[in-house]
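# only the shape, not the letters, is given here:
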């Protein structure tokens, strides 16, 4: 049971980290390499809440808001002029991630710090004691997956977003403001990145470069998922599960590179990944 919960919780964490990146890629077809910096911003928002002695749950809306504000500013000032130049947009977001990490270093220093977990101790699941916080993360991931699914399939925003994804010129001809869709989507993706950063913080230390390893795995999962949220769930579950099994029974080092290797093999065999497009 413990191993099963490790697989499910690891998949949940990977989904939480990659969901915001997929939102942006699905609409804009741009890989936002500043996503790791958004995770870090969310983590430091959680750290500030801890340092102020506030309830740790407050870190979640604070991180969400911090990511949203950063996303709005970056989309308007940096990404928007580069829509027609996707390669330049990728390079710009990569450089921006480095700048954000350096600004965080100036403000908080390079040393690793720790934020308070909102939930501590074990929880008994079918006779097995397991981390209560990891169980909470599974619930968060399931709720987020459901919320995003409803947003994209049952709302006007989802309708216009799908129209922009399928044919932007036709969508413009129908009166859809593609620029607003992009602005909202980028801001939402950044907000989800900030939220993910706050959620993973209790599992590790906080430092200015903590988002980079998460970004690499999220990037590979998004490449495999394409623009499909279901594909992201499948990739996070399958690859996350294999990562846990390899780390447990073979080698933690091999487990650490499992997602990158599996994603590369999948894309070699199936260039569109798990996407149905």
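The structure has been received and is ready for your questions. If you're wondering where the values come from, they're calculated on a predicted model, not measured in any experiment.
# what are the buried residues along the helix ranked longest in the chain?
Assignment by DSSP state H gives helix 2-28 as the longest helix of the chain. Judged by neighbour count (16 or more other C-beta atoms under 10 Å), helix 2-28 contains these buried residues: 5-28. Where C-beta positions appear, they are placed from N, C-alpha and C, glycine not excepted.
# quick one: mean pLDDT over it.
Taken as a whole, helix 2-28 has a mean pLDDT of 90.
# please renumber the chain so that the first residue is 421 from this point on.
With 421 as the first residue, the last one maps to helix 422-448.
# what about that helix, distance to the chain center?
Distance, stretch centre to chain centre, for helix 422-448: 7 Å (C-alpha atoms, centre = their mean, to the nearest Å).
# counting contacts, what elements does that helix pack onto?
helix 455-471, strand 548-551, helix 552-574, helix 576-586, helix 598-620, helix 631-645, helix 649-669 (3 or more C-beta pairs under 8 Å, 6 or more residues apart in numbering; DSSP states H and E).
# so which of the ones you listed is the most surrounded?
helix 455-471 (a mean of 27; mean count of other C-beta atoms under 10 Å).
# and residue 495, what is it in contact with?
Contacts for residue 495 (C-beta atoms under 8 Å, 6 or more residues apart in numbering) come out as 602, 603, 606, 607, 610.
# for these, give me TSV that also has distance to residue 635 and pLDDT.
Shown next, in TSV, are the contacts of residue 495 (distance: C-beta to C-beta, whole Å; pLDDT from 0 to 100):
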residue	distance to residue 635	pLDDT
602	21	85
603	22	90
606	16	92
607	19	94
610	13	95
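# ok, the residues you listed vs residue 657, which is closest?
For these, the residue nearest residue 657 by C-beta to C-beta is residue 610; the value is 24.8 Å.
# stretch 464-482 spans what distance, first to last residue?
With C-alpha to C-alpha, to the nearest Å as the measure, stretch 464-482 spans 10 Å from end to end.
# worst-scoring helix or strand of this structure, pLDDT-wise?
Within the chain, confidence by mean pLDDT, DSSP states H and E is lowest for helix 588-593 among all helices and strands, at a mean of 71.
# hmm, back to that, rank the helices and strands packed on helix 422-448 by pLDDT, which is bottom?
Averaging pLDDT over each of the helices and strands packed on helix 422-448 puts helix 576-586 lowest, since it has a mean of 77.
# which residues are in contact with that helix?
Counting by C-beta under 8 Å, 6+ apart, residues outside helix 576-586 touching it are 446-447, 571-572, 590-591, 594, 596, 598, 601-602, 604-605, 647.
# adding distance to residue 532, write those out as TSV.
TSV is the format used below for the contacts of helix 576-586 (distance: C-beta to C-beta, whole Å):
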residue	distance to residue 532
446	34
447	35
571	35
572	37
590	50
591	46
594	51
596	46
598	42
601	39
602	36
604	35
605	33
647	36
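# farthest-apart pair in these, please.
Going by C-beta to C-beta, the pair spanning these furthest: 571 and 590, at 22.1 Å.
# in CSV, list the contacts of residue 495 along with distance to residue 515.
Converted to CSV, the contacts of residue 495 look like this (distance: C-beta to C-beta, whole Å):
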residue, distance to residue 515
602, 20
603, 21
606, 17
607, 20
610, 16
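# out of those, which comes closest to residue 665?
residue 610 (32.8 Å).
# ok, the contacts of residue 495 vs residue 474, which is closest?
Within these, distances to residue 474 taken as C-beta to C-beta reach their minimum at residue 610, with 22.8 Å.
# how about that closest one: what's its closest non-neighbour residue?
Leaving out its chain neighbours, the residue that sits closest to residue 610 by C-beta to C-beta, 6 or more residues apart in numbering is residue 491, at 2.6 Å.
# so the one you found versus residue 444, what's the distance?
Distance from residue 491 to residue 444, counting by C-beta to C-beta, to the nearest Å: 9 Å.
# shared neighbours of the two, anything?
Counting by C-beta under 8 Å, 6+ apart, the residues touching both residue 491 and residue 444 are 606, 609, 610.
# quick check, nearest of those to residue 516?
residue 610 (11.2 Å).
# quick check: the closest one touching residue 459?
No: counting by C-beta atoms under 8 Å, residue 610 sits too far from residue 459 to count as a contact (10.1 Å).
# please consider this matter closed, and thank you.
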